[in-house]
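Enquirer: Just to be clear, the model below is a prediction. Sequence and coordinates:
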Amino acid sequence: MPLIIPKDLPAYEELQQENVFVMHQERAMSQHIRPLRILILNLMPTKIVTETQLARLLANSPLQVQVTFLQTATHSTTHTAPEHMKAFYKTFDEIKNERFDGMIITGAPIEDLDYEDVDYWDELCRIMDYTKENVYSTIHLCWGALAGLYYHFGIPKVHLDKKMFGVFEHRVTRPSNPLVRGFDEVFYAPHSRWAGLDRSAIDACGDLRILAESDIAGPMLLSTESGRQIFVIGHPEYDKYTLDREYKRDVKAGKPINIPCNYYPDDDPSRDPLFRWRAHGYLLYTNWLNYYVYQDTPYDLSRLEALEK
């Protein structure tokens, strides 16, 4: 089944060229199937890149998925044209009376700020509150995961002296969990962050389960027992060259940055990087859509029950 996105969204043409199954809304309306409604709060400055990365993964499913993009009203993007934001994004006030099968809250490159110093923190807290009653399952990505763990469970973040940057090996710690069904015992995932988690606080939190972790990068995939709140401390949605673009951007700007680990052959930035996390990125989102959205969400979203830990 296809991903349903507007025909004039930039990702539509790019994904069609990649032979990804996408469908415009007019055609979808002619089918007698209720698509899964997925809300994406895109906090990344590179909106179009992130839209395409997430759409690519969500499209790799036998389920029909309809995406709604959400922006913050208390922070205006400066990296994406206002015309694009007006055409494809809604604000919280516009959707707060709707319900969704699933939601994705992306990361943002603001790990150096205390949460309360983020200009849209209060709005984000209202949105995270909203998910508990109006969304069946929510994935939080990277900084979005750090923020969600702090807001919902009081897990503090830890500032890193050196950026966690590269592609790291992870091991599955709860292989019976449906979210990692089909995962290899060891898999790779990219990280790009200046903050981590207080592991002792995670271990002390009875509501959280660590599903996968790395000896170097730490816990990567966490979930509540119900799977209605999922936290991904990393970027499985990144495409092959995202880390390359980030590295070369920082080098050009004269910022201190290490060569991303386990990415370029022989750590040589002039060589083509290895794309070794793609399959598990696809599998993570396919499992989420199937086992934690499609299988459990009521057909009539008005019957959605509020989250219970």
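Expert: Arrived safely.

Enquirer: ok, now which ones touch Val180?
Expert: Residues near Val180 by Cβ atoms under 8 Å, 6 or more residues apart in numbering: Val172, Arg174, Leu211, Ala212, Leu221, Leu284, Asn287. The way it works is simple: take the backbone N, C-alpha and C, and place the C-beta from them, glycine included.

Enquirer: Which two of those have the greatest separation?
Expert: The most widely separated members of these, counting by Cβ to Cβ, are Arg174 and Leu284 (13.8 Å).

Enquirer: Please say which of the two ends up with more neighbours.
Expert: Ranked by neighbour count (other Cβ atoms under 10 Å), Arg174 and Leu284 place Leu284 first, with 26 against 13.

Enquirer: For His32, report the pLDDT, please.
Expert: Confidence at His32, expressed as pLDDT, is 49.

Enquirer: Which parts of this protein are helices?
Expert: Using DSSP state H, the helices of the chain run over residues 10-17, 25-29, 47-58, 82-88, 92-95, 121-134, 143-153, 199-204, 242-253, 278-287.

Enquirer: Can you tell me which of the contacts of Val180 is closest to Leu58?
Expert: Of all the contacts of Val180, Leu284 has the smallest distance to Leu58: 11.1 Å, by Cβ to Cβ.

Enquirer: do you know how far the closest one is from Phe165?
Expert: Taking Cβ to Cβ, to the nearest Å as the measure, Leu284 falls 21 Å from Phe165.

Enquirer: what's the answer for Tyr292, then?
Expert: 29 Å.

Enquirer: What of His84?
Expert: From His84 to Phe165 the distance is 29 Å (Cβ to Cβ).

Enquirer: And Leu301, by the same measure?
Expert: Between Leu301 and Phe165 the computed distance is 40 Å (Cβ to Cβ).

Enquirer: higher neighbour count, those two?
Expert: When Leu301 and Phe165 are compared for neighbours, Phe165 comes out ahead with 23 against 16, by other Cβ under 10 Å.

Enquirer: If I follow the layout properly, the more buried one ends up in contact with His191?
Expert: Yes - using Cβ atoms under 8 Å, Phe165 is in contact with His191, at 6.6 Å.

Enquirer: Could you pull up the residues touching Met85?
Expert: Residues near Met85 by Cβ under 8 Å, 6+ apart: Lys47, Gln71, Thr77.

Enquirer: how about 7 Å then?
Expert: Contact partners of Met85, counting by Cβ atoms under 7 Å, 6 or more residues apart in numbering, are Gln71, Thr77.

Enquirer: Roughly how far does it sit from Asp8?
Expert: From Met85 across to Asp8, the span is 14 Å (Cβ to Cβ).
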